[in-house]
Each structure stands twice: as C-alpha cells, then as structure tokens.
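Undergrad: Below is the sequence, then the predicted model.
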Amino acid sequence: MASMARDLLAQDSVAATLGRITGSATELVEGCDAAGILVLHDHRVESLAPTEQLVVDSDRLQEQLGEGPCFDAARTSQGERVFRIADLTANVQRWPAYAPQAHDLGVGSMMGFLLYTEEEELGALNLYSRKAGAFTEDSETAGWLLASHAAVAFSSARTHAQMEHAVATRHVIGEAMGILMGARHLTEDQAFDVLRRYSQEQNTKLREVARQICERGGID
C-alpha cells in the first residue's frame, strides 16, 4: 500500500493517476473484479478510468435510472462516504430499478468510497465483484486506505494539470500580445484590450483568440 501511494503521486498526468487508482483496486482489494471512478455533473455521470466495460454499463444504468449505490456515494448530500453491498439482489427495496438490472449485467456485490480531501470532493471510487459476498471487512479496509491515498493523488494531479494549463494559456496570450504590439505599434495594455474586445465580439475564449492570432500572425 505504501509503494502504491508513492506510485500514485509519481504519475505524470491526471489520466495516468486515475488509471493507476482503479488498477490498484483490482490488484490490492480482495474480491475486486473491476473498478472505476464516477463523477457527477448535476445528473450527468462521467466514468473515469474504468477497468472493464461492466463499470461503464453500471454507471450509465444509474444515470438513466437516477438511482444506485455509486450515484449515492458521489452525491455528498446522501452523507455516505463508504458503502459495502454483500448481495445486490438483497437491496431491491432501496434501488428497485437499478438492483435487478445491475444483477443482469453480472454485478454480484459492490463497494464504493467517496473520494475527498479537506478542500474538495472529487467523486466516488467504485469496486465491483461478479460474486455475491465477495467483499469482506478486510476488503473494505483496503479499499478505504486506497481511496484515502487516491483522493490526495487525484487532487494533486488535477491541480498540477490546471497549473500547467494556466501557464500555457498565459504563454499563448503573451505571444499574441507581442504580435499585436509589433504589428500595430501598441502598448501592452492596448494589445490586451484588443484581445479582450475581439474575444467579446466573437464570443470566443481569450485563449482561443490568442491561439488564432499566433497561428495567423495577427487579427484579420
């Protein structure tokens, strides 16, 4: 687990970090056949780093039905940070539409963990088994430890990616401003005003306007 934690932080992208998280779940958590991370955008579901199609099918089913354990784990209003379902068919009353259809997909038992840090909530790490009763208390403990490390690594990777994007954006805007300053004999403030005005008129993001100027060598 310690080696896994170091490995998570060593990944060079958000996608690689997420892939290592779900891959580690199938390697380290007893009974886990498949894993994925579910993120909710209002009522739209995003499946991240699924290890099998089963995960995607389950996430889509929960999105269509508006119910399910992973759905609940990702919705912080539910207040559940961990769930363990020994037998999905025994939870028909709680998820009357999802449980029987998920069983038809081949889901026997499930576990889910809310991924969160003190600053933010990131989604839910969901673990699947094709057999009922596959997850034990030890499985839950291992899953919780993995989720705790995963939340920190996920947040760190995303912050790093956002910083890289911000630096790249600033570089492109600076380059575009330099082109305008040279071509139109403008000051730095005037060049930025031209960029901003063109962005508003075209209803286009400032970074995209700057990229177009860099490619064309100016504004038409």
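TA: Structure received.

Undergrad: How far off centre is the top helix by length along the chain?
TA: Scanning the chain for the helix with the most residues, using DSSP state H, yields helix 137-184. Relative to its chain's centre, helix 137-184 lies at 12 Å (CA atoms, centre = their mean, to the nearest Å).

Undergrad: what comes into contact with the helix or strand just after it?
TA: With elements assigned by DSSP states H and E, the helix or strand that comes after helix 137-184 is helix 188-202. Helix 188-202 has contacts (CB atoms under 8 Å, 6 or more residues apart in numbering) with 173, 176-178, 180-181, 184, 186, 204-206, 209-210, 213, 219. Using the backbone N, CA and C atoms, a C-beta is placed for each residue, glycine as well.

Undergrad: repeat that with 7 Å
TA: Contacts to helix 188-202, defined as CB atoms under 7 Å, 6 or more residues apart in numbering, come from residues 173, 176, 177, 180, 181, 186, 205, 206, 209, 210, 219.

Undergrad: same thing with stretch 35-48?
TA: 18, 21-22, 25-26, 49-51, 55-56, 59-60, 62-63, 66, 70, 74-75, 123-128.

Undergrad: Weed out the non-buried ones from those residues.
TA: 18, 21-22, 25, 49-51, 55, 59, 62-63, 70, 74, 123-128 (16 or more other CB atoms under 10 Å).

Undergrad: Mind giving me the packing neighbours of the longest helix of the chain?
TA: In terms of contacts (3 or more CB pairs under 7 Å, 6 or more residues apart in numbering; DSSP states H and E), helix 137-184 is packed against helix 2-10, helix 14-28, strand 82-85, strand 109-116, strand 121-129, helix 188-202, helix 206-216.

Undergrad: averaging pLDDT over each of these, which comes out lowest?
TA: Here the lowest mean pLDDT among the helices and strands packed on helix 137-184 goes to helix 2-10, at a mean of 65.
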